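> output the structure for:
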Amino acid sequence: MTGVRLVRSEDLAEVPYAYVATVPAGARLAFLAGSCPLDREGVTVCVGDVAGQARAVVGNLRTALAAVGAELTDVVSTRVLVATTRREDLDAAWDVVSAAFGDHDVPSTLLGVTVLGWPDQLVEVEAVALVPG
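Residues are numbered from 1 along each chain as shown. Predicted coordinates:
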């Protein structure tokens with residue numbers, strides 16, 4: 001148990017994520033920069049492949065979380081950004097990200113945006129996480 005409590009409401013539509021997450025009083029939080037589909041040399045991977053970039057982003061998110069002793073189950077909320085106007089691309093990115101989180105279906109916002117910061121970048125995920133201990 002990480003201390004992240006996911007809350008749902010019977011008064012809101014049933015969705016594939018919690019509407020609210022709470023952490024214990026006095027908890028230390030980590031605010032992660034957007035995780036990008038970059039390799040160690042800073043090169044965008046999986047060019048043109050939304051799902052492939054989403055997998056790379058989740059891998060980089062796991063690495064960033066590990067730097068503060070956290071893992072995906074310590075995440076409190078996410079924002080998933082996809083450079084697209086196509087709902088199919090949003091769905092492809094969301095499928096990868098939500099599968100990675102599994103039952104820890106944190107509050108999340110999924111957005112289609114016009115452009116992201118790196119050349120050929122299609123996906124980015126921002127997160128807030130509880131720092132264990």
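> from residue 37, how far out is residue 119?
11 Å (CB to CB, to the nearest Å). For the C-beta atoms, the positions are set from N, CA and C on the backbone; glycine is no exception.
> no wait, residue 112
Distance, residue 112 to residue 37, by CB to CB: 17 Å.
> which of these two has more residues huddled nearby?
Neighbour tally, residue 112 and residue 37, criterion other CB atoms under 10 Å: the higher count belongs to residue 37, 28 against 15.
> all strands of the protein, in order?
With strands called from DSSP state E, the chain shows them at 5-7, 20-22, 29-35, 75-83, 108-113, 123-130.
> would a markdown table of these with distance to residue 58 and mean pLDDT be doable?
Output for those, formatted as a markdown table (distance: least, CB to CB, whole Å; pLDDT from 0 to 100):
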| stretch | distance to residue 58 | mean pLDDT |
| --- | --- | --- |
| strand 5-7 | 19 | 94 |
| strand 20-22 | 18 | 95 |
| strand 29-35 | 8 | 97 |
| strand 75-83 | 10 | 98 |
| strand 108-113 | 13 | 98 |
| strand 123-130 | 7 | 98 |
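> so which of the ones you listed is the most surrounded?
Greatest average neighbour count among the strands of the chain goes to strand 123-130 (a mean of 24), per mean count of other CB atoms under 10 Å.
> low pLDDT regions in this protein?
For the chain, residues meeting the criterion pLDDT under 70 lie at 1-2.
> what about 90?
Along the chain, segments meeting pLDDT under 90 span 1-2, 16, 133.
> these two touch, right, residue 62 and residue 72?
Yes. Contact criterion CB atoms under 8 Å: residue 62 and residue 72 qualify, at 6.5 Å.
> of those two, who's got more company?
The neighbour comparison of residue 62 against residue 72 (other CB under 10 Å) goes to residue 72, with 19 against 14.
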